[in-house]
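Enquirer: this one's sequence-less:
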């Protein structure tokens, strides 16, 4: 890229790093719109059709000077599909650059200076961003040398997701405590209380006989707009009433401060409980502590624990220790425990998403979301079901419903058939049953496709009638086989529309029967509760 740019701009001197940074900034800042970027890309890399039509044009294009504006001003008709694909490519490239920047930033940042990851919403858009970053993590995780580097990669990926979706991140590190700034509303109320107390002091001085001009001027300002003059005979009573009124206002303002403070404390504690329960409990136990302080020196830490555990100590061993040792000699020692990534994945799978993170600041949600981290960090291995896997799951389901029982339960038969269709995948019976139920509920396949998969798994009665050994199998089918499985169907591609209509009618019929049954139950309850 640097060599090509030097050919296009020979009078401009730039390093490779500066050029790469500039290209990344141009793509991130959206200086050119999608159509302009597509036009520049077509100028730089001609399509195969243009190269095929002009055989001798390639050498001529290579020899053209870089400053020719004819090709720049040529109108290009951009296809809408190409624009959508190119926009997706730009979006993926933007995600990749954001991920790389976040990982490089996290590697050079200590744990205590990492920003706090916010709790993001479990929306489809956020999940799509996490799924899009999953394949990009393979390169980084394969090159990871230890668990610390894997953790920094995962934190960088989580940071990239937050930046892509626009989540608010704390700019300061996690070592800083909460802000101790006094809110504006409290400052305003405290100023009112201070002014009222000063006015009460002036009024008490005037009532005690202090007639200094400043005191008199303050008393007149206190009674401004009340038609009260200082020459009235009941001025002392008016002064007492005014002082009592100010004292009541001060008490009301103080209660308002306490009420607002309690409400603000409850709000902050509830929000902190949602984001980081550990910090909440620490604030309840040590409310005056702000921040974690400097990290202790490694040499001091080693010396401290070495002084506790490495010093030789002579214990007084009585005769009872020999008796206990002889009794424990016959006990078989436990086998060494080997913790596999599957064990860690199962443990992580059952943890809540947004509980308090550890010292690394990484929530369990990210260990579950980044599936590529399962071999390296023990994240929950979530298998992404492809269209072929969904089809094989339905084939196993229909075949398990239609074949002989063979002394096996329904789920066991379906699991065995799916293992034959997908031998490289590992899935439990419960997960397979849940997946089949999700496929049928979510309408991943249309009615015609579901019918085609059912025919592939369980041949129709007409096809079985032509085979010699098929009739006994159809007779021995269990009673709970669906009616649609045993109905004779002529397999013809032209009949897909008719079959789809029949399935739709059957679905409507079942729905209508269910509605009628619910209405009958409701009427029977009304007749029972309110007899004639």
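Expert: Good, I have the coordinates. Just so it is clear, the model here is predicted, and its values are computed rather than measured.

Enquirer: Would you map the helices across the stretch 51-200 of the chain?
Expert: 57-63, 80-107, 124-133, 137-142, 147-165, 184-207 (DSSP state H, counting those that start in this stretch).

Enquirer: Would you format these as TSV with mean neighbour count, mean pLDDT and distance to residue 228 included?
Expert: (Each C-beta comes from the backbone N, C-alpha and C, glycine too.) Formatted as TSV, the helices of the stretch 51-200 of the chain follow (neighbours: other CB atoms under 10 Å; pLDDT from 0 to 100; distance: least, CB to CB, whole Å):
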stretch	mean neighbour count	mean pLDDT	distance to residue 228
helix 57-63	10	37	97
helix 80-107	15	78	69
helix 124-133	15	87	66
helix 137-142	16	81	78
helix 147-165	21	89	63
helix 184-207	14	91	12
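
Enquirer: Show me the one of those helices that comes nearest residue 454.
Expert: helix 124-133 (30.0 Å; CB to CB).

Enquirer: And the closest one, how far out from the chain middle?
Expert: Its chain's average C-alpha position is 8 Å from that of helix 124-133, according to CA atoms, centre = their mean, to the nearest Å.

Enquirer: re earlier: of the helices of the stretch 51-200 of the chain, which approaches residue 297 most closely?
Expert: That would be helix 147-165 among the helices of the stretch 51-200 of the chain, by CB to CB, at 18.8 Å.

Enquirer: packing partners for the closest one?
Expert: On a contact count with 3 or more CB pairs under 8 Å, 6 or more residues apart in numbering; DSSP states H and E, helix 147-165 meets helix 80-107, helix 124-133, helix 137-142, helix 364-369, helix 374-377.

Enquirer: Name the next helix or strand following the shortest one along the chain.
Expert: What that stands for is helix 374-377. helix 387-402 (DSSP states H and E).

Enquirer: Can you name every helix or strand that that next one contacts?
Expert: helix 410-421, helix 429-442, helix 447-457, helix 483-486.

Enquirer: okay, the ones you listed in JSON lines with mean neighbour count and distance to residue 278 next?
Expert: What follows is the helices and strands packed on helix 387-402, written out as JSON lines (neighbours: other CB atoms under 10 Å; distance: least, CB to CB, whole Å):
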{"stretch": "helix 410-421", "mean neighbour count": "18", "distance to residue 278": "41"}
{"stretch": "helix 429-442", "mean neighbour count": "14", "distance to residue 278": "32"}
{"stretch": "helix 447-457", "mean neighbour count": "18", "distance to residue 278": "49"}
{"stretch": "helix 483-486", "mean neighbour count": "14", "distance to residue 278": "55"}
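
Enquirer: and of those helices, who's closest to residue 325?
Expert: helix 429-442 (47.5 Å).

Enquirer: Report the inter-axis angle for the closest one versus helix 410-421.
Expert: 90 degrees (axes from the mean of the first three to the mean of the last three CA atoms, to 10 degrees).

Enquirer: Just give me how far helix 429-442 sits from the chain centre.
Expert: On CA atoms, centre = their mean, the centre of helix 429-442 falls 23 Å from the chain's centre.

Enquirer: who touches it?
Expert: Applying CB atoms under 8 Å, 6 or more residues apart in numbering, the contact partners of helix 429-442 are 385, 390, 393-394, 396-397, 411-412, 414-415, 418, 427, 445, 450.

Enquirer: which two in those residues are spaced the farthest apart?
Expert: 412 and 445, at 24.4 Å, using CB to CB across the contacts of helix 429-442.

Enquirer: rewinding a little: next, format the helices of the stretch 51-200 of the chain as JSON lines and append distance to residue 45.
Expert: Converted to JSON lines, the helices of the stretch 51-200 of the chain look like this (distance: least, CB to CB, whole Å):
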{"stretch": "helix 57-63", "distance to residue 45": "12"}
{"stretch": "helix 80-107", "distance to residue 45": "12"}
{"stretch": "helix 124-133", "distance to residue 45": "24"}
{"stretch": "helix 137-142", "distance to residue 45": "24"}
{"stretch": "helix 147-165", "distance to residue 45": "27"}
{"stretch": "helix 184-207", "distance to residue 45": "58"}
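
Enquirer: which one of those helices lies closest to residue 296?
Expert: helix 147-165 (18.2 Å).

Enquirer: got the angle for the closest one vs helix 124-133?
Expert: Using the same axes, to 10 degrees, helix 147-165 lies at 140 degrees relative to helix 124-133.

Enquirer: so where's this protein uncertain?
Expert: Applying pLDDT under 70 to the chain flags the ranges 47-86, 171-180, 287-295, 371-384, 403-409, 460-507, 509-511, 513, 525-532.

Enquirer: ok, 90 please
Expert: Low-confidence segments of the chain, defined by pLDDT under 90: 1-3, 5-152, 165-183, 185, 202-203, 206-239, 241-242, 268, 271-532.

Enquirer: Can you check which helix is longest in it?
Expert: helix 235-275 (DSSP state H).

Enquirer: and that helix with helix 184-207, angle?
Expert: Using the same axes, to 10 degrees, helix 235-275 lies at 160 degrees relative to helix 184-207.

Enquirer: State the next helix or strand along the chain beyond helix 235-275.
Expert: helix 277-285.

Enquirer: Mind listing what's buried along that next one?
Expert: 279, 280, 283 (16 or more other CB atoms under 10 Å).

Enquirer: Take those and write them to TSV, including distance to residue 331.
Expert: TSV is the format used below for those (distance: CB to CB, whole Å):
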residue	distance to residue 331
279	44
280	44
283	46
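
Enquirer: nearest to residue 270, of these?
Expert: residue 280 (9.1 Å).

Enquirer: doesn't residue 273 make contact with that closest one?
Expert: Yes. Contact status for residue 280 versus residue 273: in contact at 5.2 Å, counting by CB atoms under 8 Å.

Enquirer: if we can go back for a sec, would a markdown table of the helices and strands packed on helix 147-165 with distance to residue 258 be doable?
Expert: Listed next are the helices and strands packed on helix 147-165 as a markdown table, based on distance: least, CB to CB, whole Å:
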| stretch | distance to residue 258 |
| --- | --- |
| helix 80-107 | 43 |
| helix 124-133 | 40 |
| helix 137-142 | 51 |
| helix 364-369 | 38 |
| helix 374-377 | 47 |
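
Enquirer: So for residue 457, which of these sits nearest?
Expert: That would be helix 124-133 among the helices and strands packed on helix 147-165, by CB to CB, at 29.9 Å.

Enquirer: and that closest one, what does it pack onto?
Expert: Using 3+ CB pairs under 8 Å, 6+ apart: helix 124-133 touches helix 80-107, helix 147-165.

Enquirer: switch to 6 Å and redo it
Expert: Packing contacts for helix 124-133, counted by 3 or more CB pairs under 6 Å, 6 or more residues apart in numbering; DSSP states H and E, involve helix 147-165.

Enquirer: Residue 353 versus residue 119, what's the distance?
Expert: Using CB to CB, to the nearest Å, we find residue 119 at a distance of 8 Å from residue 353.

Enquirer: Tell me which residue lies farthest from the centre of this protein.
Expert: Computed with CA atoms, centre = their mean, the maximum C-alpha offset from the centroid of the chain is found at residue 233, amounting to 75.1 Å.

Enquirer: any idea whether it is helix, strand or coil?
Expert: Secondary structure for residue 233, judged by DSSP: H, G, I helix; E, B strand; the rest coil, is coil.

Enquirer: Enumerate every residue touching it.
Expert: Listed by CB atoms under 6 Å, 6 or more residues apart in numbering, residue 233 has no contact partners.

Enquirer: what phi and what psi does the backbone show at it?
Expert: Main-chain torsions, residue 233, degrees, to the nearest 10: phi -70, psi -30.

Enquirer: Give me the distance from the one helix or strand residue 19 maps to to the chain's centre.
Expert: In this structure, residue 19 sits in helix 16-29 according to DSSP H and E. Between the centre of helix 16-29 and the centre of its chain there are 29 Å (CA atoms, centre = their mean).

Enquirer: Ok, stretch 254-273 next?
Expert: That offset, for stretch 254-273, works out to 29 Å (CA atoms, centre = their mean).

Enquirer: Give the buried residues for that stretch.
Expert: Quick answer for stretch 254-273 (16+ other CB under 10 Å): residue 272.
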